[in-house]
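> Have a look; sequence and predicted model below, questions after that.
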Amino acid sequence: MGTNKHNPDNRLDNVEKIQDAIENTEENITAANETLSFSSGEEKQAIQAKNERRRKSIDGMKEEMQDEQEARESGYSNDNI
C-alpha cells in the first residue's frame, strides 16, 4: 500500500478558482431566468428564490476573492503554502 501524503494548502490559484465559480453561478442565473417565461407560478417562485440565493453566494465569493487577492499581494505566509 502507498503512503498518504498530506497535500499542503496551495492558495496560489484561489482567486482564479473563485472567479470561475462566480462566472458559473452568473451563467446559472441567466439560464434560470430564461426559463421563467415557461414556468408556472410555483416554479417561478422557486427559480427566483434560488437566483436570490445565488446572488448572495456571489456576494460572498466576491468578498472571499478580495481577501485572497489581498493575501496574494501581501505575500502568503510560508506556513500556508
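Thanks, I have it.
> residues contacting the residue nearest to the spatial centre of the chain?
What sits nearest the mean C-alpha location of the chain, by CA atoms, centre = their mean, is residue 21, with 3.7 Å. The contact partners of residue 21, taken as CB atoms under 8 Å, 6 or more residues apart in numbering, are residue 61. All C-beta spots, glycine's among them, are computed from the backbone N, C-alpha and C.
> switch the cut-off to 10 Å
Residues in contact with residue 21, defined by CB atoms under 10 Å, 6 or more residues apart in numbering, are 57, 58, 61, 64, 65.
> Now distance to residue 31, pLDDT and neighbour count too, for those, in TSV please.
Formatted as TSV, these follow (distance: CB to CB, whole Å; pLDDT from 0 to 100; neighbours: other CB atoms under 10 Å):
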residue	distance to residue 31	pLDDT	neighbour count
57	15	98	13
58	15	98	16
61	18	97	16
64	23	96	15
65	22	95	18
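> tell me which element the nearest residue to residue 14 once chain neighbours are set aside falls in.
Sequence neighbours aside, residue 68 is the residue nearest to residue 14 in space, at 4.5 Å (criterion: CB to CB, 6 or more residues apart in numbering). In this structure, residue 68 is located in helix 41-74 according to DSSP states H and E.
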